[in-house]
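Enquirer: from the sequence below, what's the structure:
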Amino acid sequence: MRAFDSLTLPTQRLLLRPLRASDAEALMAIFSDPAVMRYWSSAPWSSIEQARAFVDRDLEAMASGESLRLGLERMADHQLIGQCTLFSFSQPCRRAEIGYSLLHSAWGHGYMHEALKVLVSFGFDVLCLNRIEADIDPRNGPSASSVERLGFRKEGHLRERWIVDGEVSDSALYGLLLRDWQAAVPAATA
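Expert: Reported below is the predicted structural model:
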């Protein structure tokens, strides 16, 4: 797998770029927010050390090509407002999973759609993926809408898949195939 530690992807309003050690406080603001973490597969962070360890692990995974995580830096003010990732790569099957999170105050402005369009396009066009999958809590309607707008289709429902802080939740599984993305590119970019 190729290294991703120097990859940048610009959009109209964002620069998708590798995380840096200096992003720890911005990441803490995102991942410690109960509203952001409501449907996540782990509890909200409680210390800055979790953010620093996250960046350290991520830098290593990016350099080895194990995963591709890019911070969403808003160009207008250079603030890190989120992150998106391709991970769990299966080279023989040309498949990966997608994940993302966004600062609560940035919700509703189209930033994540803008970022995910570029990330999905990179996955298909550059990494030659055939399939991208998303695991979404079925109660998280906005997240489901985000991937559906890109052409993902709901393919399954796994009951009681996660237990986070004692709360049991299901998973809705979504998939997007290269051929579906190519057929829908004009609609997905709207």
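
Enquirer: now residue 62: how far from residue 138?
Expert: For residue 62, the distance to residue 138 (Cβ to Cβ, to the nearest Å) stands at 31 Å. Placement of C-beta: from N, CA and C, glycine included.

Enquirer: quick one: which of these two has more around it?
Expert: Neighbours per residue (other Cβ atoms under 10 Å) separate residue 62 from residue 138, with residue 62 holding more: 21 against 16.

Enquirer: surely that one is in a helix?
Expert: Yes - assignment of residue 62 by DSSP: H, G, I helix; E, B strand; the rest coil places it within a helix.

Enquirer: tell me who's in contact with it.
Expert: 3-5, 7, 18-19, 68-69 (Cβ atoms under 8 Å, 6 or more residues apart in numbering).

Enquirer: and the two most separated of those?
Expert: By the measure Cβ to Cβ, 3 and 19 form the most distant pair in these, at 14.4 Å.

Enquirer: who's more crowded, the two?
Expert: residue 19 (22 against 12).

Enquirer: distance of the more buried one relative to residue 85?
Expert: The value you get for residue 19 to residue 85, if Cβ to Cβ is used, is 10 Å.

Enquirer: how far out from the middle of the chain is the helix or strand bottoming out on mean pLDDT in the chain?
Expert: None of the helices or strands of the chain scores lower by mean pLDDT, DSSP states H and E than helix 178-188, at a mean of 81. Relative to the centre of its chain, helix 178-188 is centred 19 Å away, using Cα atoms, centre = their mean, to the nearest Å.

Enquirer: stretch 80-99 too?
Expert: With Cα atoms, centre = their mean as the basis, the mean position of stretch 80-99 lies at 7 Å from the chain mean.
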